[in-house]
Every structure is written in structure tokens, then in C-alpha cells.
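Student: build the 3D model from these lines:
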Amino acid sequence: MRLTNKIALVTGAARGIGQAIAEEFARQGAAVIVTDVDEQAGQQVASDIGDSAQFLPLDVGSEDAWAAISERVRDDFGRLDILVNNAGITGFMSHPGPFDPEHFNLDSWHAVHRVNLDGVALGCKYAIGLMKHSPAASIVNISSRSGMVGIPAAAAYASSKAAVRNHTKSVALYCAEKSYPIRCNSIHPGAILTPIWEAMLGEGEARQQAIAAIAADIPLQHMGSPQDVAFAAVYLACDESKYVTGTELTIDGGILAGSSARPPTSDEE
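Tutor: Below you'll find the predicted structure:
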């Protein structure tokens with residue numbers, strides 16, 4: 001119960017990594033505010049978690065929405081201890097492409113940044129006001145492996161996630177300079193099997209082949225699960241990481257440790 005008596009808000013918690021984080025936070029003793037634009041799925045997640053969770057709709061790219069939910073949290077709890085800025089989109093399934101640096105659609109570029117970057121910046125802005133009243137608060141921003149390397153076919157996504165990585169450090173230093181009891185860190189998942197991959201994996205046998213091909217380039221030889229990221233979020237959210245701020249934690253099976261090429265086994269030599 002590493003998050004007992006903590007008040008946590010998780011964005012984009014209706015599915016995937018956000019759902020796993022909300023569920024794990026509740027198991028660790030936190031009162032969890034599940035937020036998402038998908039009200040039906042978000043309410044189901046909160047209902048499945050039980051009495052320790054409630055759902056509130058939130059469009060993370062809207063400042064009015066953040067102001068409203070901030071007032072609701074202040075009225076209901078008086079403070080916020082943990083914010084996980086998880087909501088994010090690639091744009092592939094919701095906005096017109098292409099997404100490469102030469103031909104990208106400017107409206108789609110803006111739409112991706114509105115959710116992935118503006119949503120994080122607004123979340124941090126309003127969380128800071130709520131967290132001043134916490135004895136020990138933590139902001140966890142979900143960036144991506146794509147925020148640390150170039151992604152030619154997803155330039156908007158990579159750009160937005162790189163900005164999240166840097167903004168995290170600015171928030172961490174700002175809060176430290178102000179002597180606020182707030183830490184801020186980023187998590188960088190890579191090759192985590194979530195719904196965001198569906199547009200790229202296909203179905204049936206093609207899906208299994210695609211997953212196997214991805215796994216072949218991962219040093220640990222398999223894709224990760226949302227739970228792997230949730231465990232990392234618990235560490236950064238709890239008091240065990242009280243001396244950790246402005247840093248980044250990569251959860252990618254070893255992809256960024258070096259080249260994707262692996263040495264041959266004895267049978268291959």
C-alpha cells in the first residue's frame with residue numbers, strides 16, 4: 001500500500017497504460033480520479049476499480065476543462081498528491097495524414113500537439129496550484145521512446161513527446177526553485193502492447209507476425225505490457241522516490257540501450 005492516503009488523477013485512463021496505472025494506484029491505496037474523453041469506457045474503468053475511484057470527463061487540450069476539474073478536485077479533496085499526464089494520440093486513426101516531415105498535414109500536427117503537449121502543460125499548470133497543499137506531491141508525465149529518437153513516419157508524435165520530456169525538467173526545476181513540495185519526472189515507454197498499436201499491427205496471422213517482428217528487435221525479445229509502465233509510475237508517485245525529480249525512466253526492454261542488432265548465439269555462429 002505505497003500510495004495510502006494519496007489523491008491521484010490519471011488522464012487518458014479509459015484504456016491501455018492509463019487504465020493500468022489507475023488500477024495499480026488503487027491497489028496501492030490511492031483514491032483515484034479516472035479521466036478521459038471517452039466517458040463510457042472511463043466510467044467502466046472507475047466502476048471496475050470500485051469505491052476508491054471516480055470518473056470525471058476531461059479533454060486535456062482544453063484549458064476550460066482543466067480549470068473546471070481543478071475546482072472539482074479542490075472542492076472534493078482539498079488537494080492533489082499525484083498527477084499522471086498520460087493522455088496521448090498518434091493521430092493515425094483520428095486525423096488525416098501523412099505524418100512524415102516532408103508532407104505532414106498541419107491541422108493534424110496541431111491536433112496531436114494539442115493533446116500530447118498542450119494537455120501535459122495544462123495538467124502541470126493546474127496541478128501545481130492543487131499540489132501546494134500536499135505534504136509530498138508528484139507529477140508523472142508519460143512521454144515515449146519516440147521522444148528520445150527520431151520517428152520519420154510519426155513526426156508530430158515524436159515532436160510532441162520530445163517536448164514533454166523537456167517540459168518535465170522545466171516543471172521540476174521551477175517547483176524546486178519555488179520550494180514547492182512537488183516533484184516532476186517523465187516515463188518513456190517503448191514497444192508496449194496497447195490499443196495505440198492497433199492501426200499498425202493488423203489482424204489475425206498478420207498481427208502475430210508483426211508482433212514477432214517487433215519482438216525480434218527488442219533485447220528482452222518481447223513487447224511490454226501496460227502493467228510494466230504502471231509499476232514504474234507507482235515508484236515515481238510514491239515517497240520512495242522523494243529524491244528523484246527532473247529525470248526520465250525508460251521502459252522499453254532495452255531498446256535504447258544500444259543497437260537493435262544482437263550478437264549471434266552459439267548455434268548461429
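
Student: where along the protein do the helices fall?
Tutor: 16-27, 39-49, 63-77, 106-113, 119-131, 155-177, 198-201, 204-216, 226-237 (DSSP state H).

Student: which of these is buried the deepest?
Tutor: Per residue and on average, the most neighbours among the helices of the chain fall to helix 16-27, with a mean of 25 (mean count of other CB atoms under 10 Å). C-beta coordinates here come from the backbone N, C-alpha and C atoms, glycine included.

Student: re earlier: for G258, which of the helices of the chain is the nearest?
Tutor: Proximity to G258, assessed across the helices of the chain by CB to CB, is greatest for helix 204-216 (15.5 Å).

Student: and the helices of the chain: which comes nearest L9?
Tutor: That would be helix 63-77 among these, by CB to CB, at 6.7 Å.

Student: give the other helices and strands that that closest one contacts.
Tutor: Packing partners of helix 63-77 (3 or more CB pairs under 8 Å, 6 or more residues apart in numbering; DSSP states H and E): strand 7-10, strand 31-36, strand 53-57, helix 119-131.

Student: so where's the protein uncertain?
Tutor: Low-confidence segments of the chain (pLDDT under 70): 199, 259-269.

Student: could you point out the longest strand in it?
Tutor: Looking across the chain with DSSP state E, the single longest strand is strand 182-189.

Student: that one: partners in the sheet, and parallel or antiparallel?
Tutor: Strand 182-189 has the following sheet partners, assigned by DSSP bridges: strand 137-142 (parallel), strand 248-251 (parallel).

Student: residues touching E198, list them.
Tutor: E198 makes contact with M93, according to CB atoms under 8 Å, 6 or more residues apart in numbering.

Student: contact partners for E24?
Tutor: Applying CB under 8 Å, 6+ apart, the residues near E24 are 227, 230-231, 233-234.

Student: between those, which is closest to A121?
Tutor: Here the nearest of these to A121, counting by CB to CB, is A233; it sits at 19.3 Å.

Student: picking up where we left off before, closest to S47 out of the helices and strands packed on helix 63-77?
Tutor: For the helices and strands packed on helix 63-77, proximity to S47 was assessed by CB to CB; strand 53-57 is nearest, at 7.9 Å.

Student: pull the residues that contact the closest one.
Tutor: Contacts with strand 53-57, where a contact means CB under 8 Å, 6+ apart, come from 22, 26, 31-37, 39, 42-43, 45-47, 65, 69, 72.

Student: what separates V149 from E23, distance-wise?
Tutor: For V149, the distance to E23 equals 30 Å [CB to CB, to the nearest Å].

Student: same question for V84.
Tutor: Noted for V84: a distance of 12 Å to E23, by CB to CB.

Student: again with H103
Tutor: From H103 over to E23 (counting by CB to CB), the distance is 40 Å.

Student: same question for P98.
Tutor: 36 Å.

Student: what do you get for D75?
Tutor: Using CB to CB, D75 is found at 25 Å from E23.

Student: now H110
Tutor: Counting by CB to CB, the gap from H110 to E23 is 32 Å.

Student: over to F99?
Tutor: Computed with CB to CB, the distance linking F99 and E23 is 31 Å.

Student: okay if I get the helices and strands packed on helix 63-77 as TSV plus distance to S160?
Tutor: As requested, those are exported to TSV (distance: least, CB to CB, whole Å):
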stretch	distance to S160
strand 7-10	19
strand 31-36	18
strand 53-57	22
helix 119-131	9
